[in-house]
Every structure is written in structure tokens, then in C-alpha cells.
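Student: turn this into a structure:
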Amino acid sequence: MPGISQSLTLIAIPESLAPVTDFVRIGAREANLPELHMSQLDLVIEEILVNVWRYSYPEGAPGTVVITYSVPRPQEMEVEVADQGIEFDPLTADPPDLTPDLSRRPAGGLGIFLLKSFASSLNYRRQQGWNRLSFGISANS
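Tutor: Okay, the predicted model is just below:
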């Protein structure tokens, strides 16, 4: 990740959401992102983390999540969410079917859809036992 990066490592549990959101918002403020982008970032981070703690680690097994951000240029931010859980490339998942009424849609699939809509760049890689999902945010996107 270009620029000076900051990282936060936490246990992958629901109680980690607020500290992660606060941490990533620090980076968003450093990047001088508009408030709308910060709200979108909050939603995307929540969706990603919920998937990590629900699906990455076998039930009852402790696991960690590492969040890293950098600000390569003003009004741009890069974020990486990394875990050592079960290998899963969310970018290969089928897109959600948005045609049924909201009450009739199956749960799931909206997190990556939102991320693809919001991010200026998006990448997944499995590296030395780590799932690494990274994305860029730009005030211009």
C-alpha cells in the first residue's frame, strides 16, 4: 500500500466492529473524504467484518482480523482487511439478485455488491495463509 500505513489487529468478533470503524474513520479524516464517503465506508467495513467473523473461522475457534489503511494522496484512501481464516475470494461470488421485493430477497451478497459500487479499486489475494481484501476510496468516485 502506498503512503504511510496504519494497522489495527483485533479478535474477529462482533465487539470489534466499533473500534475498527473508529480506526478507519481516522484514515478517512486524514484523507479528507466527504462525510457521505465515510458513511459508505462504515457500511462496507461492517459488511466485510460480519463475513469474517461469521465465515472465516470455524465456530468457536479464535481468529484475528488486521485492518490496514493508508492515504496515498489527499482525498484518497486504501484499506485492507486481512484474516487467516478459511480461504474465500469474495470477488468470485455471484452477484445478488436485486429484482425481488426486499422482503423476498435471500440474505447475503450485498456487502461485496456495495463494495464494488463504492470502491475506486478492489482486489483479493491469498498470501501465505492470509485472505487479503483491499479496496480504494476516492472523493471523486
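Student: C-terminal to the least confident helix or strand in the chain by mean pLDDT, what's the next element?
Tutor: Ranking every helix and strand in the chain by mean pLDDT, DSSP states H and E puts helix 110-118 at the bottom, with a mean of 79. Per DSSP states H and E, helix 110-118 leads on to strand 121-127 as the next helix or strand towards the C-terminus.
Student: contacts for that following strand, please.
Tutor: 78, 87, 89-91, 115-116, 131-136 (Cβ atoms under 8 Å, 6 or more residues apart in numbering). C-betas here are computed from N, CA, C, even on glycine.
Student: got the contact list for Leu88?
Tutor: For the record, residue 88 is Phe, not Leu. Contacts of Phe88 were listed using Cβ under 8 Å, 6+ apart, and they are 55-56, 131.
Student: related to what we said a few turns ago, now the contacts of strand 121-127 as JSON lines including distance to Glu46?
Tutor: Converted to JSON lines, those look like this (distance: Cβ to Cβ, whole Å):
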{"residue": "Glu78", "distance to Glu46": "19"}
{"residue": "Glu87", "distance to Glu46": "22"}
{"residue": "Asp89", "distance to Glu46": "20"}
{"residue": "Pro90", "distance to Glu46": "14"}
{"residue": "Leu91", "distance to Glu46": "19"}
{"residue": "Leu115", "distance to Glu46": "11"}
{"residue": "Lys116", "distance to Glu46": "16"}
{"residue": "Asn131", "distance to Glu46": "17"}
{"residue": "Arg132", "distance to Glu46": "19"}
{"residue": "Leu133", "distance to Glu46": "14"}
{"residue": "Ser134", "distance to Glu46": "17"}
{"residue": "Phe135", "distance to Glu46": "14"}
{"residue": "Gly136", "distance to Glu46": "18"}
